[in-house]
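Visitor: Need a 3D model of the following:
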Amino acid sequence: MIIEERITINAPAGAIFALYADVARWNTWDPDTKSASLNGPFAVGTTGTLAPTQGRPVQIKLVEVTQDRSFTVVGAIPGFSMRFDHELTVRGSVTEAIHRVTFSGFLRFIFGPLVGAQVRKGLPKTMLSLKARAEGLAG
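Guide: Sure, this is the predicted structure:
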């Protein structure tokens with residue numbers, strides 16, 4: 001199961017990426033995040049914790065980071081994994097942001113529909129909030 005949203009943001013990719021890298025403040029633009037933290041730098045291999053507004057906190061790990069372009073974080077519980085891809089593409093004077101959530105693991109058939117419904121409902125709001133926050137900082 002894959003869920004994806006795109007939005008055009010009137011801000012440079014670097015400004016948006018700075019919001020991504022400030023993990024402790026994800027809750028300022030992601031209404032589905034209660035809190036988040038990393039146990040080190042915003043770099044591949046760093047682990048941390050994400051507490052959603054609904055549900056239990058999960059351990060996360062950065063598995064890909066490309067400065068000002070993309071990052072991927074994976075959260076997992078036994079039998080179920082969520083991969084969150086974040087991509088930035090410069091298109092002239094604007095930046096297109098893509099957020100993609102992929103579910104895997106043998107329990108995806110149980111947890112996927114539940115979590116997927118929450119993600120489908122919340123991701124468009126998250127993207128609009130990211131856009132507002134990035135444009136506010138860039139303006």
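Visitor: Quickly list what the closest residue to Pro57 other than its chain neighbours is bridged to.
Guide: Ranked by C-beta to C-beta, 6 or more residues apart in numbering and with sequence neighbours excluded, the top spatial neighbour of Pro57 is Ala51, at 4.1 Å. C-beta here means a position set from N, CA and C on the backbone, and glycine is covered the same way. Going by DSSP bridges, Ala51 is paired in beta bridges with Ser35.
Visitor: Ala51 and Gly75 touch, don't they?
Guide: No. Using C-beta atoms under 8 Å, Ala51 makes no contact with Gly75, being 10.8 Å away.
Visitor: any low-confidence regions in this protein?
Guide: 112, 138-139 (pLDDT under 70).
Visitor: Spatially central residue for it, please.
Guide: The centroid of the chain falls nearest to Phe84 when counting by C-alpha atoms, centre = their mean (5.5 Å).
Visitor: does it really touch Val74, like I thought?
Guide: Yes. In terms of C-beta under 8 Å, Phe84 counts as a neighbour of Val74; the distance is 7.5 Å.
Visitor: circling back: what comes up buried for the helix or strand encompassing the residue nearest to the centre of the chain?
Guide: Using DSSP states H and E, Phe84 sits in strand 80-91. If you call a residue buried by 16 or more other C-beta atoms under 10 Å, then strand 80-91 has these buried ones: Phe80, Ser81, Met82, Arg83, Phe84, Asp85, His86, Glu87, Leu88.
Visitor: Closest one to Leu128 out of those, please.
Guide: His86 (15.3 Å; C-beta to C-beta).
Visitor: which of the residues in stretch 46-58 are buried?
Guide: Counting neighbours by 16+ other C-beta under 10 Å, the buried set in stretch 46-58 is Thr46, Gly48, Leu50, Pro52, Val58.
Visitor: Could you pull up the contacting residues of the last one?
Guide: By C-beta atoms under 8 Å, 6 or more residues apart in numbering, the residues touching Val58 are Thr49, Leu50, Pro52, Gly75, Ala76, Ile77, Met82.
Visitor: same thing with the first one?
Guide: Contact partners of Thr46, counting by C-beta under 8 Å, 6+ apart, are Leu38, Asn39, Gly40, Lys61, Leu62.
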